[in-house]
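**Q** sequence plus the predicted model coming up.
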Amino acid sequence: MRSRQGEIACRSLTKVFGHRSVVDDVSFDVPAGTITGFVGANGAGKTTTMRMLLGLVTPSAGTALVNGRRYRDLEHPRREVGAVVDGPGAHPGHSARTHLSVIATAAGLPLRRVDEVLDLVELTEHAQRRVGGFSLGMRQRLALAGALLGDPGVLVLDEPVNGLDPPGILWVRNLLRQLAGEGRALLVSSHLLSELAEIAHRVLIIDHGRLVADTPLDELLVGQSVVELRCADPAAMERALRARRLRVVTEGDTLLIEGASARETGELAAAVGAGPVHWLTERPNSFEDVYFRLAGSPIRQPGTAADAEVA
Ligand SMILES: Nc1ncnc2c1ncn2[C@@H]1O[C@H](COP(=O)(O)OP(=O)(O)OP(=O)(O)O)[C@@H](O)[C@H]1O
């Protein structure tokens with residue numbers, strides 16, 4: 001059987017639009033058999049990086065390689081890299097089977113793959129339905145089916161769980177785990193670190209075009225906690241914390257502090273006369289805290305309760 005292994009390598013990848021570097025000197029690897037989560041706020045540069053890997057955007061500098069070659073130098077691109085970057089891109093009047101058959105024919109892939117991928121994404125019973133009537137979840141499955149037609153060793157997936165309901169998210173996660181388990185290299189983007197927490201082996205965090213973290217997932221959260229403090233004189237407390245080189249962020253009337261325990265924080269508030277203390281608690285670091293620390297700006301999910309938090 002043909003090997004499904006693949007790998008991605010980006011070196012000093014840079015894209016300048018006008019005078020602005022939207023991807024700035026980005027280097028990373030996605031080895032075979034692993035899922036790398038690619039996280040960043042809207043506009044951070046995820047899609048542009050992925051589009052450079054797929055030959056859709058020309059890098060201003062640096063290289064984006066799939067299996068050691070630039071996309072345009074791949075002999076059979078669909079057999080080497082599958083992508084979901086802009087949804088399935090299907091004609092709404094076409095059935096799912098027709099849509100996939102058109103892609104397979106254009107790419108010189110055997111038509112038997114159409115039924116195989118329909119089965120893989122569990123769309124067989126909807127194969128004859130018009131894509132225009134598909135739900136968002138079905139569209140995402142169809143887009144994944146298109147990416148998998150060539151049985152590629154590399155997958156580049158831009159926000160594959162965006163807008164899906166919880167069962168849909170679970171389904172995609174399981175499929176992605178399975179695909180990585182077969183030796184494929186997966187680069188999967190999201191604007192929420194927590195969405196990738198369940199599946200990624202490694203996490204890249206991009207902020208304003210620059211990579212601010214490239215870390216195994218389990219190392220991101222180790223040994224960090226956050227102390228929340230509300231007190232009578234937060235300005236005095238903030239000065240005292242900064243003088244001790246502790247990281248502090250103000251959120252409304254609450255100070256979020258890293259690097260000190262609740263007890264140390266309470267004692268410091270008393271010592272510098274910032275009290276009385278109204279609220280003092282210590283909690284484990286969340287993915288959002290980690291993102292905040294590394295990227296220096298909040299990442300928020302619009303329209304949710306998380307909007308009100310350091311998200
Ligand atoms: N063709 C283009 N011309 C000019 N600017 C562009 C172009 N494509 C993207 N940009 C800009 O580059 C920046 C990065 O965009 P990109 O789509 O890569 O970010 P992203 O991290 O994928 O964000 P999102 O989650 O919103 O898709 C944005 O400010 C965007 O407006």
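**A** Happy to help now that I have it.
**Q** would you pull up the residue in the stretch 51-200 of the chain closest to the ligand?
**A** Proximity of the stretch 51-200 of the chain to the ligand (C-beta to the nearest ligand atom) peaks at His191, 5.0 Å away. Backbone N, C-alpha and C define where each C-beta goes, glycine included.
**Q** please enumerate the strands of the stretch 1-150 of the chain.
**A** In the stretch 1-150 of the chain, the segments counted as strands under DSSP state E, counting those that start in this stretch are 8-17, 20-30, 35-39, 61-66, 69-70, 81-84.
**Q** state the phi and psi torsions of the closest residue to Asp24 other than its chain neighbours.
**A** Spatial nearest neighbour of Asp24, excluding adjacent residues (C-beta to C-beta, 6 or more residues apart in numbering): Gly209 at 4.0 Å. With angles defined as degrees, to the nearest 10, Gly209 sits at phi 80, psi -10.
**Q** check contacts around Gly209.
**A** Counting by C-beta atoms under 8 Å, 6 or more residues apart in numbering, Gly209 touches Lys15, Ser21, Val22, Val23, Asp24, Val26, Ala44, Gly45.
**Q** spell out which residues of the stretch 1-150 of the chain are next to the ligand.
**A** Phe17, Val22, Gly40, Asn42, Gly43, Ala44, Gly45, Lys46, Thr47, Thr48 (C-beta under 6 Å from any ligand atom).
**Q** neighbours of the third one, just the number please.
**A** Gly40 is flanked by 26 other residues according to other C-beta atoms under 10 Å.
**Q** quick one: least confident helix or strand in the chain?
**A** helix 287-295 (a mean of 69; mean pLDDT, DSSP states H and E).
**Q** re the thing from before, gap between the residue of the stretch 51-200 of the chain closest to the ligand and Asn42?
**A** Separation of His191 from Asn42 (C-beta to C-beta, to the nearest Å) stands at 6 Å.
**Q** more neighbours, those two?
**A** His191 (19 against 10).
**Q** quick one: the more buried one and Gly37 touch, right?
**A** No. Using C-beta atoms under 8 Å, His191 makes no contact with Gly37, being 11.1 Å away.
**Q** number of residues surrounding Ala262?
**A** 17.
**Q** excluding sequence neighbours, find me the nearest residue to it.
**A** Glu282 (4.1 Å).
**Q** related to what we said a few turns ago, next one: phi and psi at the residue of the stretch 51-200 of the chain closest to the ligand?
**A** Torsion angles, degrees, to the nearest 10, at His191: phi -90, psi 0.
**Q** need the pLDDT of it.
**A** Note on His191: pLDDT of 78.
**Q** number of nearby residues for the nearest residue to Leu196 once chain neighbours are set aside?
**A** Spatial nearest neighbour of Leu196, chain neighbours left out: Gly37 (3.3 Å); criterion: C-beta to C-beta, 6+ apart. As a burial measure, Gly37 scores 23 neighbours (other C-beta under 10 Å).
**Q** got it, and His76?
**A** Neighbour tally, His76, other C-beta under 10 Å: 12.
**Q** next one: Gln140
**A** Gln140 has 26 nearby residues by other C-beta under 10 Å.
**Q** let me see the contact set for it.
**A** Contacts of Gln140 by C-beta under 8 Å, 6+ apart are Val84, Gly87, Pro160, Val161, Gly163, Leu164, Gly168, Val172.
**Q** this completes my enquiry, with thanks.
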